[in-house]
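K.L.:
next input, structure requested:
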Amino acid sequence: MFKIPDRIADLFGDETIRLEFHQSLLAAGQAQGYKMNYLEEVSFSEAARITYRRLKNFDRAALPEDRRELVAGAKALSHRLITSGYAIDEVSKAGKRGREDWPDLLAFVQRKCAARVGLRNHEGWEHCYTHIVGRAEAALQPDRTAEDRVAAYAVLRHFASFFAADAGFERAWRIEVYEPEAD
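P.N.:
Next up is the predicted model:
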């Protein structure tokens, strides 16, 4: 379980995504050992972690096309939800605040993420970035709490850091986040 507040649930969680995680595990035959309602009972962060752990090494090749897409989307989304939580935690530990350059950061992330859609080895990316970046954009609006805005800014920095070598990247956006791939 996450040892940090479930900020990803606050910003990105909803029952549709939780159901998607469950359906992807069923489609991949990776739900064994869990009660049918287990993903409903745990925190949203833990549901993302379970989904990612079960799908990270799963070979989707034998699945029908629609199930491959479902599983790829859930794997990518659960992975980046986890790392987004780490980004939020990193910023909160450092006591950093969001900056006023968020429109530039958002535009950079949207442009770079959109360029990855459809690339080989980026299956599920569109669903992942559309959900997370869209929710982060909503959380940056003036009517949201300062805590939400700081968390959303951290997530956008995390996504921008994938493109740190690209033109337009600002060094101040760089953030180092633990990558659970090695687990």
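K.L.:
which residues sit against the helix or strand residue 16 falls within?
P.N.:
When elements are defined using DSSP states H and E, residue 16 is found to belong to helix 15-27. With C-beta atoms under 8 Å, 6 or more residues apart in numbering as the test, helix 15-27 has contacts from 31, 34, 36, 39-40, 44, 47-48, 50-51, 54-55, 63, 67, 70-71, 73-75, 77-78, 131. Using the backbone N, CA and C atoms, a C-beta is placed for each residue, glycine as well.
K.L.:
other SSEs contacting the following helix or strand past that helix?
P.N.:
Proceeding N to C from helix 15-27, the next assigned helix or strand is helix 38-41, under DSSP H and E. Helix 38-41 sits against helix 15-27, helix 44-55, with contacts defined as 3 or more C-beta pairs under 8 Å, 6 or more residues apart in numbering; DSSP states H and E.
K.L.:
hang on, the earlier thing: just the buried positions in the helix holding residue 16, please.
P.N.:
Neighbour-count burial for helix 15-27, counted by 16 or more other C-beta atoms under 10 Å, picks out 17, 18, 20, 21, 22, 24, 25, 27.
K.L.:
just want the angle from the lengthiest helix in the chain to helix 44-55.
P.N.:
The helix spanning the most residues in the chain, taking DSSP state H as the definition, is helix 65-94. Counting by axes from the mean of the first three to the mean of the last three C-alpha atoms, to 10 degrees, helix 65-94 lies at 130 degrees to helix 44-55.
K.L.:
after helix 65-94, heading C-terminal, what element do we hit next?
P.N.:
helix 102-116.
K.L.:
hmm, who's touching that following helix?
P.N.:
99, 122, 125, 129, 133, 136-137, 140, 149, 152-153, 156-157, 159-160, 162-163, 166, 168-170, 173.
K.L.:
what would the helices and strands packed on helix 38-41 look like in JSON lines with mean pLDDT?
P.N.:
Shown next, in JSON lines, are those (pLDDT from 0 to 100):
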{"stretch": "helix 15-27", "mean pLDDT": "91"}
{"stretch": "helix 44-55", "mean pLDDT": "90"}
